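S.K.: no sequence for this one, just the structure:
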């Protein structure tokens with residue numbers, strides 16, 4: 001059997017002498033693993049860095065076999081962020097979360113396109129734009145898994161104005177008046193996710209609020225059923241952004 005596709009590298013783990021088992025998020029074949037000969041070598045290590053876009057050919061005798069990848073680099077995203085810890089952390093987090101929750105060999109073309117848009121934003125977006133794109137990406141991942149949040153109107157009153165909170169029970173927005181008595185039990189709704197703030201960027205405080213929000217629902221709906229915590233890469237991103245949000249002199253995720 002053989003197919004050809006493009007994919008983002010999610011992970012590459014050494015296997016045997018010099019080989020690596022590489023996980024890709026492909027456009028047409030979903031999350032798919034394959035053995036790359038020499039994948040752990042110095043010559044190929046840069047190609048299989050998580051986040052990179054590659055052209056891949058997969059071959060196996062039977063469909064259920066691990067199979068082998070022949071891959072060629074298409075775009076080295078990871079190398080662009082080596083000196084930018086927040087962007088590199090976001091890239092690593094997206095790859096780790098995707099690998100953990102997307103079923104193997106199940107096509108998710110919408111997620112593939114959204115991931116490409118996220119990585120392009122990491123590469124090109126301003127310091128207050130890419131964090132908003134990252135949170136939108138995690139919200140899209142929740143929708144892809146069947147657990148989308150409803151932030152369009154207040155869950156209690158139906159109002160579309162003054163939405164400040166999100167209920168951890170329902171995943172729905174709550175207005176200032178309706179949520180005042182319970183605000184300590186709810187998540188803050190970042191400004192860029194409110195109906196009157198869409199299209200705006202996110203400073204470090206908004207980014208931290210967004211990560212707490214989506215992280216809670218990812219844990220509940222995606223990782224608790226697997227009896228696993230959020231990946232360490234995702235936790236590192238949240239810790240990094242929390243530190244920046246606590247620093248009043250650094251309101252942007254980029255240092």
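M.R.: Yep, that arrived. Quick caveat, the model's predicted, so the values are computed rather than measured. Numbering: from 1, shown residues only.
S.K.: all contacts plus neighbour counts: C-alpha atoms, from now on.
M.R.: Noted.
S.K.: give me the pLDDT for residue 42.
M.R.: Here, the pLDDT recorded for residue 42 equals 80.
S.K.: give me the number of residues near it?
M.R.: Residue 42 has 10 neighbours, counted by other C-alpha atoms under 10 Å.
S.K.: so how far is residue 19 from it?
M.R.: Per C-alpha to C-alpha, to the nearest Å, residue 42 is found 11 Å from residue 19.
S.K.: ok, the lengthiest strand in the chain: who's next to it in the sheet?
M.R.: Of all segments of type strand in the chain, defined using DSSP state E, the longest is strand 2-15. Note on strand 2-15: by DSSP bridges, its sheet partners are strand 19-26 (antiparallel), strand 53-59 (antiparallel).
S.K.: could I get the buried residue list for that strand?
M.R.: Neighbour counts over strand 2-15 (16 or more other C-alpha atoms under 10 Å) mark 4, 6-12, 14-15 as buried.
S.K.: out of the strands paired with strand 2-15, which is closest to residue 151?
M.R.: Comparison of those against residue 151 by C-alpha to C-alpha identifies strand 19-26 as nearest, at 28.3 Å.
S.K.: what about the closest one, average pLDDT?
M.R.: 96.
S.K.: after that strand comes which helix or strand?
M.R.: Later in the chain than strand 19-26, the nearest helix or strand by DSSP states H and E is strand 30-36.
S.K.: report the angle between that following strand and strand 2-15.
M.R.: 60 degrees (axes from the mean of the first three to the mean of the last three C-alpha atoms, to 10 degrees).
S.K.: thought residue 60 was touching residue 34?
M.R.: No. Residue 60 is not in contact with residue 34 according to C-alpha atoms under 8 Å; the separation is 9.2 Å.
S.K.: and the two? which has more neighbours close in?
M.R.: residue 34 (22 against 15).
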